[in-house]
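Asks: Let me see the structure of the following:
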Amino acid sequence: MRFATTALALLGAAATTLAQSSVAMRSMRSTSEKLVVVTTPYWNSVQGTLARYERQNGKWQQIGDAIPIVVGKSGLAWDPPLARRYSGVFQGPIKREGDGRSPAGIFQLKNTFGFAPSLPGSDTYFSLTSTTECVDDPASAHYAQIVDRQKVDSADWHSSEKMREVPGYRWGAVVNYNMEQTVKGDGSCIFLHEWSGPATGTAGCTAMAAGDIEGLVEWLAGEEHGVLVQLPQVEYERLRKRWQLP
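Replies: Purely as a prediction, here's the structure:
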């Protein structure tokens, strides 16, 4: 999917720092008026909080109270394009396939999904079927992509998530992580979805209570994409002014 070229006011100041980080920059240039901020106490923390913001009169205003979330069972790790290109700025663990960490950085929320056949008012929602799969096999030409097995000429993967069979995917949102200019081994299939419990980490997604993810999906409904900023608290505070975070 293509991103619009209008810069997010919140993230415009990050353009100089991230000009060569294609995924993060295109996410920042979304026309979205909605922002999701996830923070955890430390890099290796599993539990954290999620807050929603909407841009009102040029300023970000929090919508509702922050909610508890869990991230990867091993914590967070930098989006590789950031860490590799700006190693002196973005220091810490770097995300890779199978590391049990959720990506830290700035990401577009591409679509919402779920078991329901449709979501009223949403042009970006898709319904999961028995043939919807997210490919996590780095050797596959479809690595890090969500595909319909029935519509793929060659199912060349040996590992994938059959999304309709995952109870936590009753409602969810796709995080645009490593889905464009894909690098094999950097990680795949990153979503916001329902958790297994308030202290149980994920394989690399960000998860929350059933009512919270359903509410988040409904809030994200519409033509515009939301943006996710996900960071350990110390990094959030360090980058807050530079990235004009709320």
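Asks: OK, contacts around the spatially closest residue to residue 141 that is not a sequence neighbour?
Replies: The shortest distance from residue 141 to any non-neighbouring residue, by Cβ to Cβ, 6 or more residues apart in numbering, is to residue 156 (5.9 Å). Using the backbone N, CA and C atoms, a C-beta is placed for each residue, glycine as well. Applying Cβ atoms under 8 Å, 6 or more residues apart in numbering to residue 156 gives the contacts 139-142.
Asks: Show me which of these are buried.
Replies: 140, 142 (16 or more other Cβ atoms under 10 Å).
Asks: For residue 138, see how far away the residue nearest to residue 141 is.
Replies: Look at residue 156 and residue 138: by Cβ to Cβ, to the nearest Å, they are 12 Å apart.
Asks: that older thread, generate TSV for the contacts of residue 156, with pLDDT, secondary structure and distance to residue 166 as supplementary columns.
Replies: As requested, these are exported to TSV (pLDDT from 0 to 100; DSSP: H, G, I helix; E, B strand; the rest coil; distance: Cβ to Cβ, whole Å):
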residue	pLDDT	secondary structure	distance to residue 166
139	97	coil	22
140	98	coil	19
141	96	coil	23
142	97	coil	18
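Asks: Go ahead and flag the most central residue of this protein.
Replies: Centroid check for the chain by Cα atoms, centre = their mean gives residue 175 as the closest residue, at 2.8 Å.
Asks: For it, which non-adjacent residue is closest in space?
Replies: In space, residue 175 is closest to residue 190, 4.2 Å off (Cβ to Cβ, 6+ apart).
Asks: any idea which residue of this structure is furthest from its center?
Replies: residue 153 (28.0 Å).
Asks: Which helix or which strand is home to it?
Replies: Under the criterion DSSP states H and E, no helix or strand holds residue 153.
Asks: How much space separates it from residue 142?
Replies: Applying Cβ to Cβ to residue 153 and residue 142 gives a distance of 10 Å.
Asks: tell me the contacts of the residue nearest to the centre of the chain?
Replies: Residue 175 neighbours (Cβ under 8 Å, 6+ apart): 103, 107-110, 190-192, 205-206, 228.
Asks: per-residue confidence at it?
Replies: Note on residue 175: pLDDT of 97.
Asks: How about it: which residues does it bridge to?
Replies: Residue 175 has the following beta-bridge partners by DSSP bridges: residue 109.
Asks: Now do the contacts for the residue lying closest to residue 218 once chain neighbours are set aside.
Replies: Sequence neighbours aside, residue 119 is the residue nearest to residue 218 in space, at 7.4 Å (criterion: Cβ to Cβ, 6+ apart). By Cβ under 8 Å, 6+ apart, the contact set of residue 119 is 112, 125, 217-218, 221.
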